[in-house]
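Engineer: Please work out how this folds:
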Amino acid sequence: MKVAALLLAAVALTVLTQSGAAEDLKHGEALLTRHCGACHAIGRSGDSPQKDAPAFRQLGQRYPVESLEEALGEGFMSGHPDMPEFNFEADDVGDIIAYLKSIQRN
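Structural biologist: Residues are numbered from 1 along each chain as shown. Take a look at the predicted model:
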(Lines give C-alpha, C1' and ligand atoms only; values in the text may rest on other atoms or scores of the structure.)
Protein backbone atom coordinates (compact mmCIF):
# COMPACT_ATOMS: atom_id res chain seq x y z
CA MET A 1 0.00 0.00 0.00
CA LYS A 2 2.80 2.44 0.91
CA VAL A 3 4.71 1.60 -2.27
CA ALA A 4 1.65 2.29 -4.40
CA ALA A 5 1.07 5.62 -2.64
CA LEU A 6 4.72 6.64 -3.15
CA LEU A 7 4.58 5.62 -6.79
CA LEU A 8 1.38 7.61 -7.31
CA ALA A 9 2.93 10.65 -5.60
CA ALA A 10 6.03 10.38 -7.80
CA VAL A 11 3.91 10.22 -10.96
CA ALA A 12 1.83 13.20 -9.82
CA LEU A 13 4.98 15.22 -9.09
CA THR A 14 6.40 14.38 -12.51
CA VAL A 15 3.20 15.49 -14.25
CA LEU A 16 3.10 18.75 -12.26
CA THR A 17 6.77 19.43 -12.99
CA GLN A 18 6.30 18.81 -16.72
CA SER A 19 3.20 21.01 -16.74
CA GLY A 20 5.09 23.80 -14.98
CA ALA A 21 8.01 23.46 -17.39
CA ALA A 22 5.65 23.72 -20.36
CA GLU A 23 4.11 26.87 -18.89
CA ASP A 24 7.60 28.33 -18.34
CA LEU A 25 8.46 27.67 -22.00
CA LYS A 26 5.22 29.31 -23.17
CA HIS A 27 5.90 32.31 -20.93
CA GLY A 28 9.46 32.64 -22.26
CA GLU A 29 8.21 32.44 -25.83
CA ALA A 30 5.51 35.05 -25.14
CA LEU A 31 8.05 37.47 -23.64
CA LEU A 32 10.37 37.09 -26.62
CA THR A 33 7.52 37.44 -29.08
CA ARG A 34 6.32 40.63 -27.40
CA HIS A 35 9.71 42.28 -26.96
CA CYS A 36 11.79 40.84 -29.81
CA GLY A 37 9.47 39.39 -32.43
CA ALA A 38 9.25 42.55 -34.52
CA CYS A 39 12.86 42.00 -35.59
CA HIS A 40 13.90 38.42 -34.71
CA ALA A 41 12.54 35.01 -35.67
CA ILE A 42 11.42 33.62 -32.32
CA GLY A 43 10.34 30.07 -33.21
CA ARG A 44 11.85 26.88 -34.55
CA SER A 45 11.35 28.04 -38.14
CA GLY A 46 10.77 31.15 -40.19
CA ASP A 47 12.78 34.18 -41.16
CA SER A 48 13.46 37.20 -39.00
CA PRO A 49 11.30 40.20 -39.96
CA GLN A 50 14.52 42.26 -40.04
CA LYS A 51 16.87 40.47 -42.42
CA ASP A 52 20.00 41.29 -40.36
CA ALA A 53 18.50 40.17 -37.03
CA PRO A 54 19.61 36.65 -36.10
CA ALA A 55 16.98 33.97 -35.62
CA PHE A 56 16.88 33.01 -31.94
CA ARG A 57 17.05 29.31 -32.78
CA GLN A 58 20.61 29.92 -34.02
CA LEU A 59 21.97 31.79 -30.99
CA GLY A 60 23.52 28.61 -29.60
CA GLN A 61 25.77 28.41 -32.66
CA ARG A 62 27.38 31.70 -31.63
CA TYR A 63 27.71 31.24 -27.87
CA PRO A 64 26.16 29.35 -24.96
CA VAL A 65 22.57 30.52 -24.49
CA GLU A 66 23.11 30.56 -20.70
CA SER A 67 25.58 33.42 -21.21
CA LEU A 68 22.59 35.68 -21.90
CA GLU A 69 21.22 35.37 -18.35
CA GLU A 70 23.13 38.27 -16.86
CA ALA A 71 22.53 40.56 -19.82
CA LEU A 72 18.79 39.84 -19.84
CA GLY A 73 18.51 40.56 -16.11
CA GLU A 74 20.73 43.62 -15.92
CA GLY A 75 19.99 45.25 -19.23
CA PHE A 76 20.66 43.78 -22.62
CA MET A 77 22.41 46.24 -24.90
CA SER A 78 23.59 45.64 -28.42
CA GLY A 79 25.97 47.54 -30.61
CA HIS A 80 23.12 47.86 -33.08
CA PRO A 81 21.64 51.39 -32.79
CA ASP A 82 18.04 50.32 -33.52
CA MET A 83 17.91 47.66 -30.80
CA PRO A 84 16.32 48.88 -27.57
CA GLU A 85 17.72 48.04 -24.15
CA PHE A 86 15.87 45.28 -22.30
CA ASN A 87 15.98 44.00 -18.76
CA PHE A 88 13.75 41.31 -17.31
CA GLU A 89 12.88 39.99 -13.84
CA ALA A 90 14.79 36.90 -12.66
CA ASP A 91 11.83 34.52 -13.17
CA ASP A 92 11.32 35.90 -16.66
CA VAL A 93 15.01 35.42 -17.48
CA GLY A 94 14.78 31.77 -16.44
CA ASP A 95 11.77 31.23 -18.67
CA ILE A 96 13.43 33.00 -21.60
CA ILE A 97 16.62 30.95 -21.27
CA ALA A 98 14.60 27.71 -20.99
CA TYR A 99 12.69 28.60 -24.14
CA LEU A 100 15.81 29.58 -26.05
CA LYS A 101 17.51 26.32 -25.07
CA SER A 102 14.44 24.37 -26.25
CA ILE A 103 14.59 25.76 -29.79
CA GLN A 104 18.33 25.66 -30.54
CA ARG A 105 19.54 23.97 -33.68
CA ASN A 106 22.89 22.25 -33.50
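
Engineer: what about the closest residue to L59 other than its chain neighbours, neighbour count?
Structural biologist: Computed as Cβ to Cβ, 6 or more residues apart in numbering, the closest residue to L59 that is not its neighbour in sequence is V65, at 5.8 Å. Where C-beta positions appear, they are placed from N, C-alpha and C, glycine not excepted. Neighbour count for V65, taken as other Cβ atoms under 10 Å: 19.

Engineer: And the strands in this structure, which stretches?
Structural biologist: Remark: strands of the chain are absent; assignment by DSSP state E.

Engineer: where in the protein is pLDDT low?
Structural biologist: 1-20, 76-80, 106 (pLDDT under 70).

Engineer: what about the helices in it?
Structural biologist: With helices called from DSSP state H, the chain shows them at 2-36, 59-62, 69-74, 90-103.

Engineer: And the second one, how far out from the chain middle?
Structural biologist: Looking back up the chat, that one is helix 59-62. Relative to its parent chain, helix 59-62 has a centroid offset of 14 Å by Cα atoms, centre = their mean, to the nearest Å.

Engineer: Tell me the buried residues in it?
Structural biologist: If you call a residue buried by 16 or more other Cβ atoms under 10 Å, then helix 59-62 has these buried ones: 59-60.

Engineer: Run through who's touching it.
Structural biologist: 54, 65, 68, 100-101, 104-106 (Cβ atoms under 8 Å, 6 or more residues apart in numbering).
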